[in-house]
Every structure is written in C-alpha cells, then in structure tokens.
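Asker: model this:
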Amino acid sequence: MNVIEIAGRRIGDGCIPLVIAEIGINHEGNLNKAFKMVNDAADCGCECVKIQTHIIEDEMVPNDVVPGNAKESIWKIMERCALSEKEERLVKEHVESKGMIFLSTPFSRAAAKRLERMRVKAYKIGSGDCNNYPLIDYVASFGKPVILSTGMNDISSIAIAVDILRKRKTPYALMHCTSIYPTPYNKVRLGAILELKKTFSDAVVGLSDHSLSNYPCLGAVALGASILARHFTSDKSWPGPDIEISMDPPALKDLITGSRIIFEASGGSKEILPEEKPTIDFAYACVVSIKDIKAGDKFSEDNIWVKRPGTGEIKAEHFNGLIGRTAYCDIPKDKQIKWRHIGD
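Answerer: The predicted structure follows:
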C-alpha cells in the first residue's frame, strides 16, 4: 500500500481522500481575505489549505508575459499578490489554529528556504516546476513529503523528477493536472491517473483540477485518487485570475462530502452480502404449487411456478431441475415446495 503522512494525516491507499483548498493567490495580497478563506475552508470541514510562496526577484526576471487567464503580466500579478514572510507565518498559524494542514508551493529556492524556516510539514511543487529538477532536488533535500503536480509534463519528464525524489528517499505523491484555465472536460484525461499509478507503482496519486466543477475530482476518486486539489475562494465575485476556476464554500463542502462517499463506495467484489438477507427474504422467488398436487404427480409448469417471498427452500434458480420429477406427497395449492416433497 502506498501511503505518505503529513502532520499525522495518512494519505494514500485505504485512506479517505485528502481535499486541498488551494487559496493560491486568490487573496490578491490582502491578509484579511486570506484569513476569511481559511475560516470558510475550516467551516466546510476541509483538512488542508494551500497558498503560494512568491519571492519575485528569486523566481523570475522582469517580463511582460501575460498568462492565458489574465490581462496583465505575471510579474505584475506576483508583485501585487506576493505575501511577506511575516504575513505567510500569520496565515500558517491561523490555518493550524483551525486544526488544518498548512501547505504552500515554493516557486523558487528562496521561497523553499522561507518555508523551511517556517517549519512546514510538507511541500507542494507546481506543474511549472515538474521539470525544474534543481528546485525539486533542493526541496527533496529537506526530507519532507513532496506533492508534485504534473501538468505540462509527460511520463518521461515526470520520471526524472520521480527518480530525484526516490534517490532522496522522499515520500512523494503525483498529481495529474491539465494546465489549461479553465480546463475543458475533454482535456481533463482522468485516464492519466491510472497511467501514473501503473508507471510509478510506489506513488500516491491524486488530481489537481482546473475545470469548472467537482465532477472530475469525484470521478478521480473512483479511479483511486488519494488527493484532490482545486482552487478556492470565499466569494466568486472577487477579482483575480484564478477566481473563475475556483470553488466556493458550498462547492468545497460538496467535494469533501462527495469524495468521502465515493471512497466508501469503491472497491469490494461481486458477492452476496450477509446484510442483504432481509431483502432476499422478500425479493427472491421460490418454487410454489399453483394447484393441488397429488402424490405421484409429475411436476410441470401447469402445477408449479416461482413466486415471492424468498423464504422457501427451493429458490427460482432450481425451477427447471424440478420439471418432470415426481411429488412424494400431496401438496396443497400455494405451498412453497420443499426438498422433502420431491420423491425421486
């Protein structure tokens, strides 16, 4: 069984899926908004909240690149949204005061150093850094669990990252992800979850989804996903590039409830359960006489048939085997046939 542990929470095979509320940069640099989202996530019963750690001068060079889901450059977005170390510590303290797990994604070596100073329990690496092998190796050197998103990467590039984590003996999870904002449903590709599980047999596998509903995440649970991540906001009317793809509190609560139901409903095999016995008693059909039968009469469709309830000795499945056999004794109409009624 593939299991990792973060802050005492076991995650993986046989464990209830961990739902991560990805606040990300939805706070737009406003600490009060961040606190509200933490509070709302806690009220929904969420176990884990994640933000992003951006130290812009160590993360990127000045640029004018505009993300597909934004109208301004990534530099300006991060310049506006980045929290200071003091602010991130306050968010972490607030998350943990609510009994939740705090996670953040470091987008640079300086960000990873900051989070290590903050004594985080684990690291989440974003899809854009799945092939940033120097950063992965640096984060893995801390010896803490790593959750790695794999959007914009194929099996060959993921394998190099996994090899780094394995060499560092780092507990790890892989998140299937499609880095399109929002992700059309026909681009989600839940089959990749099965591919990741098969290819990386020691990995805990999950889904980081950017579509517009919970359905892909719920479907992923049925395929064995152990971690579910979606962006989260307290208010869908707030500004921000990720708001459109974010779930609000009712959706978060629905995802938590739905994922647990599907997890409980998964697995098992096709067999008759002991708990089905009360239903069997009224729902099954048994062989009964449909007219008076004399000793020595041959059983046929004219004098026996199958009727409910299912409390008789001879169930409907044995009906054909009785045709042509002889009655041992007189049997009145509407009597459940017993094996002792059969003479040969």
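
Asker: Quick check, N214 in contact with K253.
Answerer: No - the pair N214 / K253 is not scored as a contact, 10.2 Å apart, by C-beta atoms under 8 Å. For the C-beta atoms, the positions are set from N, CA and C on the backbone; glycine is no exception.

Asker: Comparing those two, which residue is more hemmed in?
Answerer: N214 (21 against 18; other C-beta atoms under 10 Å).

Asker: Just want the phi and psi numbers for the more buried one.
Answerer: phi -80, psi -10 (degrees, to the nearest 10).

Asker: Just give me the neighbour total for the nearest residue to it once chain neighbours are set aside.
Answerer: For N214, ignoring the flanking residues on the chain, the nearest one in space by C-beta to C-beta, 6 or more residues apart in numbering is L255 at 4.7 Å. L255 is flanked by 25 other residues according to other C-beta under 10 Å.

Asker: same check, this time on E275
Answerer: 7.

Asker: how near is it to A316?
Answerer: 21 Å (C-beta to C-beta, to the nearest Å).

Asker: go on, V91?
Answerer: 64 Å.

Asker: Between the two, point out the one with more neighbours.
Answerer: V91 (22 against 17).

Asker: got the residue ranges for the helices in the chain?
Answerer: 31-43, 56-59, 74-81, 85-97, 109-117, 133-140, 155-167, 191-199, 215-222, 249-265, 277-283, 319-322 (DSSP state H).

Asker: Quick one: closest of these to D292.
Answerer: helix 319-322 (16.7 Å; C-beta to C-beta).

Asker: who touches the least confident helix or strand in the chain by mean pLDDT?
Answerer: Here the helix or strand of the chain ranked lowest by mean pLDDT, DSSP states H and E is helix 74-81, holding a mean of 93. Helix 74-81 is contacted from outside by 25, 27-29, 54, 56, 59-60, 62-67, 70, 241, using C-beta atoms under 8 Å, 6 or more residues apart in numbering.

Asker: Out of the helices of the chain, which gets nearest to D297?
Answerer: The nearest among those, by C-beta to C-beta, is helix 319-322 at 11.9 Å.

Asker: Would you confirm that N26 contacts D242?
Answerer: Yes - assessed by C-beta under 8 Å, N26 is found in contact with D242 at 5.8 Å.

Asker: okay, the two: which has more neighbours?
Answerer: Taking neighbours as other C-beta under 10 Å, N26 and D242 compare with N26 leading, 26 against 23.

Asker: tell me the contacts of that one?
Answerer: K33, M37, H231, F232, T233, W238, G240, D242, I243, S246.

Asker: can we see that at 10 Å?
Answerer: 33-34, 37, 51-52, 81, 231-235, 238-243, 246 (C-beta atoms under 10 Å, 6 or more residues apart in numbering).
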